[in-house]
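# Provide a 3D model corresponding to the input given below.
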Amino acid sequence: MSQEETVVLHWLNQSRAQRIVWLFEELGLKYEIVYYERDKNSKAPHALSEVHPLGKSPVVEIRSASGDVIKLAESGWIIQYFLRKYDQTDNLKGSSIDAQNEVSYFLHYTEGTLQSILDGLFTNHAAKTKAGYAARMYMAPCVKWIAQNYYKPKLLKNLNFLNGTITKQYEKYSKYIAGNSLSAADIILSFPLEIVFTRCDPMINKSLKTEYPDLYLYHQNIRQEHGWKQAAKKVRGFEDIIFGEEIV
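Next up, the predicted model:
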């Protein structure tokens with residue numbers, strides 16, 4: 001299917017937007033990136049609020065030849081929209097009905113369950129580390145209890161689930177989370193797993209690479225995908241998370 005529209009991705013460093021760059025690379029789309037960087041307090045710049053009222057990224061603008069503009073926010077919806085319009089051969093949707101159902105599940109699970117736990121864990125950590133000295137004295141025991149008794153068990157339960165899922169996939173001779181080929185499920189999971197394996201250990205006092213070896217191997221395999229590497233090159237100089245373990 002030919003591309004008759006201009007696609008503009010509003011991209012923010014250390015955000016979920018990198019998955020959309022990877023998606024566009026896999027679909028072979030022509031697209032533009034508008035780059036935004038977080039401030040010293042890790043907040044998104046005000047300029048993003050001028051693109052979308054919530055001031056978040058990713059946001060995609062689709063401009064037709066007639067001048068009409070469609071604006072999409074939320075990673076899952078963006079992925080679904082572009083799969084429906086440009087993945088005509090079902091390369092990323094899943095090669096079977098079962099795989100397609102699994103892909104759809106992970107599009108919702110990743111944002112609705114896994115990412116919400118990570119967001120809570122990081123908010124909890126920020127409360128302990130970024131508050132003033134006097135406040136930290138009182139807050140540290142409280143947020144430590146919350147992390148150890150709420151966020152940590154939830155995160156480990158989810159990582160057990162994902163590790164078990166990919167172990168079963170390995171037994172079927174597949175290195176992907178759903179079906180036998182790269183899918184949108186792998187793309188949407190890439191960001192939270194990047195966070196899990198590069199930033200979460202100090203927060204829960206565990207080596208997650210050691211605890212979940214099959215999931216870590218999956219994470220490493222995904223980083224070797226051609227589309228992932230091409231997407232990484234598009235943000236070199238703007239991003240630090242995805243270059244944290246090795247040079248792409």
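# where do the strands of this protein begin and end?
5-12, 32-36, 59-64, 69-73 (DSSP state E).
# quick one: residue 27 from residue 21, how far?
11 Å (Cβ to Cβ, to the nearest Å). For every residue, glycine as well, the C-beta is placed using N, CA and C.
# deepest of the strands of the chain, which one?
strand 5-12 (a mean of 21; mean count of other Cβ atoms under 10 Å).
# what strands line up against that one, and which way round?
If you go by DSSP bridges, strand 5-12 pairs up with strand 32-36 (parallel), strand 59-64 (antiparallel).
# one step back: residue 27 and residue 21 - which one has more neighbours?
Shown here are residue 27 and residue 21; by other Cβ atoms under 10 Å, residue 21 has more neighbours (24 against 20).
# so that one touches residue 231, yeah?
Yes - look at residue 21 against residue 231 with Cβ atoms under 8 Å: they come within range, at 4.1 Å.
# in this structure, which helix or strand is least confident?
Each helix and strand of the chain was given a mean pLDDT (mean pLDDT, DSSP states H and E); the minimum falls on helix 133-146 at a mean of 67.
# can you put the strands paired with strand 5-12 in a markdown table and add mean pLDDT and distance to residue 117?
Formatted as a markdown table, those follow (pLDDT from 0 to 100; distance: least, Cβ to Cβ, whole Å):
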| stretch | mean pLDDT | distance to residue 117 |
| --- | --- | --- |
| strand 32-36 | 97 | 25 |
| strand 59-64 | 95 | 24 |
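# and residue 174, which of those strands is closest to it?
Checking these against residue 174 by Cβ to Cβ gives strand 59-64 as the closest, at 29.8 Å.
# what does the nearest residue to residue 11 once chain neighbours are set aside show for phi and psi?
Spatial nearest neighbour of residue 11, excluding adjacent residues (Cβ to Cβ, 6 or more residues apart in numbering): residue 17 at 4.3 Å. When read as degrees, to the nearest 10, the backbone of residue 17 gives phi -70, psi -30.
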